[in-house]
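J.: fold the following, please.
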Amino acid sequence: MGRTQTDMHKHKFEITKKVIIFGAIVLAVLLVYSASIAQAAEKDPELVRAARQGDLKEVIRLLNQGADVNAKDEHGRTALMAAARGGNVEILKLLIDKGADIKAKDNIGWTALMHAACGGNLDVVKLLIGKGLDVKDTDSDGWTVLMHAAWGGNLDVVKLLIEKGLDVKDTDHDGWTVLMSAAEGGNLDIVKFLIEKGLNAKARDRYGRTALMGAARRGRNLDVVKLLIDKGSDVNATDSPGQTPLMKAAEQGNLAIVKLLIEKGSDINAKENSPGTPTVLISLVRSLIDKRISVVVEGKGRTALEIAREKGHKEIVEYLKAHGAKE
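T.: From the prediction side, this is the model:
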């Protein structure tokens, strides 16, 4: 969800006590998290793998041989979650009949219903709701099932969840909205639908991130970027590290979005916050497939040009220089 990871700045600067303390906290979190993974069950149980691949015959064979229906992979995902994500109703029903725990959660708090919603699988979503899964459950970051569905891209799933009582105005622990999820997922029809429902394209989360930033960072759909700008999203808004939508597009390498943002007035020479700015944060974030630990550590004072150059996006570098970017 619009989070980046920065490297240590090459220039010498005084490290504040706050950053040192935060570094120790981050290290402790990583150690604890690594330990929890080491204690997980078999890295990739055969049953989970078979369900992920949609191999019904293999699932049946493994169950007949006594495979643990609730075995988990290193991410805490079960065969039921894998089947839900893949949209395989037959395997899902079989696993439930064999005693699969439909309320189990993976290492980042995702339920089978969240996996199904993220996968855009309407029939599976209906089935799991019918089996009693709580549509109002949230994951470790506070993401609702509706947020996962908005990212996943199936408007019918989104509409169903709203009918079941989910609020389009809910946010996660950081203030990230359903609209931001849809924008980052590049789902134009859902973005339009949510704006019609009254969600604000200008909204920011606690770290200053906007739906436009998410759309620019992921670079999945130019039309989503256009729509958000048309609805008033600020092309020069900055998040906590001082990054603008243009910087995020330059980092992602999407020239079309870079061109559009410049055309719409993005400041081509804007800079991130300089080292030493107290904008250090850590958050465990949701991922569609894998767990992620994202650490945002201060801006590095870079421009979009410098970011594009660091990432090796030569075409964007040349375009920015041709349009007034300063070295």
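J.: give me the nearest residue to residue 159, chain neighbours excluded.
T.: Leaving aside its sequence neighbours, residue 159 sits nearest to residue 193 (CB to CB, 6 or more residues apart in numbering; 7.8 Å). All C-beta spots, glycine's among them, are computed from the backbone N, C-alpha and C.
J.: my guess is the one you found contacts residue 155. True?
T.: Yes - between residue 193 and residue 155 there is a contact under CB atoms under 8 Å: 6.1 Å.
J.: just checking, residue 121 touches residue 83?
T.: No - using CB under 8 Å, residue 121 is not in contact with residue 83, being 9.6 Å away.
J.: enumerate every residue touching residue 48.
T.: 71-73, 77-79, 82 (CB atoms under 8 Å, 6 or more residues apart in numbering).
J.: closest to residue 109 among the residues you listed?
T.: Nearest to residue 109 among the contacts of residue 48: residue 77, at 11.7 Å, using CB to CB.
J.: how about the closest one, what does it touch?
T.: 48, 106, 110, 115 are the contacts of residue 77 under CB under 8 Å, 6+ apart.
J.: again, but for residue 233
T.: Contacts of residue 233 by CB under 8 Å, 6+ apart are 201-202, 210-212.
J.: kindly provide the distance from it to residue 137.
T.: 30 Å (CB to CB, to the nearest Å).
J.: quick one: neighbours of residue 138, just the number.
T.: For residue 138, the count of nearby residues is 18 (other CB atoms under 10 Å).
J.: state the phi and psi torsions of it.
T.: Backbone torsions for residue 138, taken as degrees, to the nearest 10, come to phi -130, psi 160.
J.: re earlier: can you check the contacts of residue 48 and name whichever has the most neighbours?
T.: Most neighbours among the contacts of residue 48, by other CB under 10 Å: residue 79, with 32 neighbours.
J.: what's the closest non-adjacent residue to that one?
T.: Excluding the flanking residues, the one nearest residue 79 by CB to CB, 6+ apart is residue 51, at 3.8 Å.
J.: doesn't the one you found belong to a helix?
T.: Yes - applying DSSP: H, G, I helix; E, B strand; the rest coil, one finds residue 51 inside a helix.
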